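> pasted the sequence and its predicted model underneath.
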Amino acid sequence: MEFTYVNALVLMLAWGGYGALHSLLAAESCKRLVQRRWPRVQRAYRIAYNLLALALLIPPFWLLLAWRSSPSWSWSWPGPLGWLADGLALAAIAGFVYTSRGYGSAEFLGLRQWRGGAQARELPPLQVTGPHRFVRHPWYFLGLVILWTRHMDPALLSTAVALSAYLWIGSLLEEKKLLTLYGTAYARYRERVPGLLPLPGRSLSRGEAERWLEEHKT
């Protein structure tokens, strides 16, 4: 099946729709609306959000698989470059596992909220250690590495472009929330550390990160 510009547009819109719904449901305004109107189901919000996020992945992912092809202009990494690309992707997957230790898995999955209800919790400390010393959104960066180290055909390239745009927009939305939560401390951190891509000369040393946490305890 020939992959056309219409296919590319439909696929990118499918990923864009997924990203829009995902961000809308993650917004604090949406969470407050649910808590105000249906307080009894608030504690299940995170679990439902995660399950719905998985379900919403099905349509764009199905289109991606259905339209995968191998046209003459496919982008492939030849020889040693292919090994390097695969190595970077594996390193990014390992990075996801490593950085997940800094996040509460029970809370991320929604289990803590389910067991304890919707009580307000203490604001966690600002994350500036580990990979956060080099990039403010390490998961987004690792996702970009995985996306752009793959062999590309038109369907996967359309997906990579759409998801890259979503990660960029998602990082901007996340920035607004973090600035609201942490104020001046996060604004100063943002001046020192880049958002999505590590840059030479813009990072915190281990000692600086430790002093930062000490100065900005919440």
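Sure thing, it's come through.

> just the strands in the protein please.
For the chain, strands defined by DSSP state E do not occur.

> run through it and note the low-pLDDT ranges.
1, 70-73, 102-123, 216-218 (pLDDT under 70).

> can you do 50?
Applying pLDDT under 50 to the chain flags residues 118-120.

> which residue is nearest the centroid of it?
The chain has residue 140 as the residue nearest its centroid, 4.3 Å off, counting by CA atoms, centre = their mean.

> can you get me a residue count around residue 155?
Counted with other CB atoms under 10 Å, residues neighbouring residue 155 total 20. All C-beta spots, glycine's among them, are computed from the backbone N, C-alpha and C.

> my guess is it contacts residue 75. True?
No: Residue 155 sits out of contact with residue 75 when judged by CB atoms under 8 Å, with a separation of 12.0 Å.

> separation between residue 183 and residue 177?
Distance, residue 183 to residue 177, by CB to CB, to the nearest Å: 12 Å.

> for the chain, what's the longest helix?
Longest helix in the chain by number of residues (criterion: DSSP state H): helix 154-182.

> any buried residues in it, and which?
Neighbour-count burial for helix 154-182 flags 154-160, 162-164, 166-167, 170-171, 174-175, 178, 182 (criterion: 16 or more other CB atoms under 10 Å).

> and what of stretch 190-204?
By neighbour count with 16+ other CB under 10 Å, stretch 190-204 contains the buried residues 193, 195-196, 203-204.

> and what of stretch 59-68?
Buried, per 16+ other CB under 10 Å, within stretch 59-68: 60, 63-64, 67.

> among those, which are located in helices?
Using DSSP H, 60, 63-64 are the members of those that sit in helices.

> of those, closest to residue 82?
Here the nearest of those to residue 82, counting by CB to CB, is residue 64; it sits at 21.0 Å.

> which residues touch the closest one?
Residue 64 sits next to 11, 155-156, 159 when contact means CB atoms under 8 Å, 6 or more residues apart in numbering.

> farthest-separated two in the residues you listed?
Farthest pair in those (CB to CB) is 11 and 156. Separation: 9.6 Å.

> and the longest helix of the chain, what does it pack against?
Here helix 154-182 touches helix 5-26, helix 58-66, helix 138-148, helix 184-192, going by 3 or more CB pairs under 8 Å, 6 or more residues apart in numbering; DSSP states H and E.

> and residue 90, which of those is closest to it?
Between residue 90 and those, the tightest spacing by CB to CB is seen for helix 138-148, at 9.4 Å.

> may I see the buried residues of that closest one?
Applying 16+ other CB under 10 Å to helix 138-148 flags 138-147 as buried.

> re earlier: just so I know, which of the helices and strands packed on helix 154-182 lies nearest residue 85?
Nearest of the helices and strands packed on helix 154-182 (CB to CB): helix 138-148, 8.6 Å.

> now the closest one, how far from the centre of its chain.
8 Å (CA atoms, centre = their mean, to the nearest Å).

> does anything pack onto that helix? Which helices or strands?
In terms of contacts (3+ CB pairs under 8 Å, 6+ apart), helix 138-148 is packed against helix 79-99, helix 154-182.

> gap between the last one and the chain center?
Spelled out, that is helix 154-182. Helix 154-182 sits 7 Å away from the centroid of its parent chain (CA atoms, centre = their mean).

> report the angle between the axes of that helix and helix 138-148?
170 degrees (axes from the mean of the first three to the mean of the last three CA atoms, to 10 degrees).
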